[in-house]
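>>> here is my input, please return the structure:
(one chain, ligands or ions: 3)
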Amino acid sequence: MINVILLGPPGAGKGTQARRLVEERGLVQLSTGDMLREAKSSGTEMGRRVAEVMDRGELVTDEIVIGLIAEKLEGATGGGFIFDGFPRTLAQADALSELLVMLGQSLDAVIEMRVDDAALVARITGRFTCGNCGEVYHDQTKPTKAEGVCDVCGSSDLRRRPDDTEEALRTRMLAYYRDTSPLIGYYYAHKKLRVVDGLGSIDAVAADIAKVLDKG
Ligand code: ADP
Ligand code: ADP
Ligand code: ZN
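Residues are numbered from 1 along each chain as shown. Ligands and ions are numbered 1, 2, ... in the order given. Purely as a prediction, here's the structure:
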């Protein structure tokens with residue numbers, strides 16, 4: 001089973017493509033954003049600590065995020081992981097590589113999804129998700145078929161994220177360019193980097209990712 005990282009700025013389409021890979025290839029999606037949102041809503045001490053940081057659009061500490069990923073990986077048998085939104089710093093990238101070595105796993109590819117800033121703002125400000133099954137929608141590019149009802153599970157619990165505002169997005173983009181974009185060079189040097197154009201339709205991007213993964 002392959003292990004891949006989806007790398008890209010907020011709104012690039014990582015979550016959308018990760019869900020397709022789960023469906024089409026039986027991979028396991030590991031989204032640190034989803035894990036942190038779960039912690040946030042669980043009312044634990046850690047949840048309270050991360051809530052404010054996330055809502056402002058800043059990065060949660062490496063220690064917390066690496067801990068979450070380590071917990072998931074330690075209980076796992078075999079590979080087949082899609083890392084979505086992790087790693088986001090060089091320290092996280094080093095920690096992941098150590099964890100994979102411990103599991104006897106390797107990283108097959110890091111897919112950089114390239115999208116320009118104007119498109120990101122449009123994507124983030126139109127995003128909403130199903131609170132029940134996690135399906136990701138967009139007001140313009142991927143509306144639900146029936147108003148207010150999830151296509152996949154029929155739930156009417158459709159939500160917008162508190163950090164999907166223009167202000168928090170500016171902070172998130174800054175964090176991406178400052179702390180996360182150095183990973184592009186890091187994985188290029190490790191010969192793992194593959195670039196796809198993230199500006200096409202969801203199907204077109206999925207086809208490009210499939211090409212990259214099937215070429216090995
Ligand atoms: P996006 O749609 O911006 O890619 P995510 O759902 O991946 O959003 O992340 C939402 C927020 O969760 C981030 O802005 C950050 O506060 C926190 N977060 C998620 N993953 C990480 C990570 N690997 N390191 C630090 N903070 C993270
Ligand atoms: P990320 O996980 O990278 O933050 P998402 O997968 O949540 O990104 O996508 C952000 C928003 O853009 C969502 O509303 C999603 O429906 C929409 N979207 C994702 N991929 C595309 C695409 N290729 N074309 C148009 N809209 C897209
Ligand atoms: Zn749903």
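
>>> just the CA coordinates for stretch 150-166, please, in PDB.
What follows is stretch 150-166, C-alpha atoms only, in PDB (Å, rounded to 0.1, in the frame of the first residue of the first chain):
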ATOM      1  CA  CYS A 150     -26.000  16.300   2.300                       C
ATOM      2  CA  ASP A 151     -25.900  14.300  -0.900                       C
ATOM      3  CA  VAL A 152     -24.000  11.400   0.700                       C
ATOM      4  CA  CYS A 153     -25.800  10.800   4.000                       C
ATOM      5  CA  GLY A 154     -29.000  12.900   3.900                       C
ATOM      6  CA  SER A 155     -28.000  14.900   7.000                       C
ATOM      7  CA  SER A 156     -29.100  18.600   7.300                       C
ATOM      8  CA  ASP A 157     -26.200  19.400   9.700                       C
ATOM      9  CA  LEU A 158     -24.200  21.500   7.100                       C
ATOM     10  CA  ARG A 159     -21.600  23.700   8.700                       C
ATOM     11  CA  ARG A 160     -19.100  26.400   8.000                       C
ATOM     12  CA  ARG A 161     -15.800  26.600   9.800                       C
ATOM     13  CA  PRO A 162     -15.100  29.500  12.100                       C
ATOM     14  CA  ASP A 163     -11.700  29.900  10.500                       C
ATOM     15  CA  ASP A 164     -13.100  30.200   7.000                       C
ATOM     16  CA  THR A 165     -13.300  34.000   7.200                       C
ATOM     17  CA  GLU A 166     -11.200  36.300   5.100                       C
END
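
>>> and ligand 3, is that stretch touching that?
Yes: Stretch 150-166 comes into contact with ligand 3 (CB under 5 Å from the ion), by way of 150, 152-153, 155. For the C-beta atoms, the positions are set from N, CA and C on the backbone; glycine is no exception.

>>> quick check: the farthest pair among those residues?
152 and 155 (8.5 Å; CB to CB).

>>> overlap in contacts of the two?
Common contact partners of residue 152 and residue 155 (CB atoms under 8 Å, 6 or more residues apart in numbering): 130, 133.

>>> and the strands in the protein?
Taking DSSP state E as the criterion, the chain contains strands spanning 4-7, 28-31, 81-84, 109-114, 127-130, 136-138, 158-159, 193-197.

>>> which stretches in the protein count as helices?
Secondary structure of the chain (DSSP state H): helices at 14-25, 32-42, 45-56, 62-74, 90-103, 117-125, 166-175, 182-189, 202-215.

>>> ligand 1 is nearest to which of the ones you listed?
Proximity to ligand 1 (CB to the nearest ligand atom) singles out helix 32-42 among those, at 2.0 Å.

>>> so what touches the closest one?
Residues outside helix 32-42 that contact it (CB under 8 Å, 6+ apart) are 15, 46-47, 50-51, 54, 60, 64-65, 68-69, 72, 84-86, 88, 134, 161.

>>> quick check on the residues you listed: which are buried?
15, 47, 50-51, 54, 60, 64-65, 68-69, 84-86, 88 (16 or more other CB atoms under 10 Å).

>>> tell me what residue 111 is bridged to.
In this entry, residue 111 is beta-bridged to residue 6, residue 194, by DSSP bridges.

>>> hmm, back to that, out of the residues of stretch 150-166 next to ligand 3, who's the most crowded?
residue 150 (21 neighbours; other CB atoms under 10 Å).

>>> just for this structure, where's the confidence low?
216 (pLDDT under 70).
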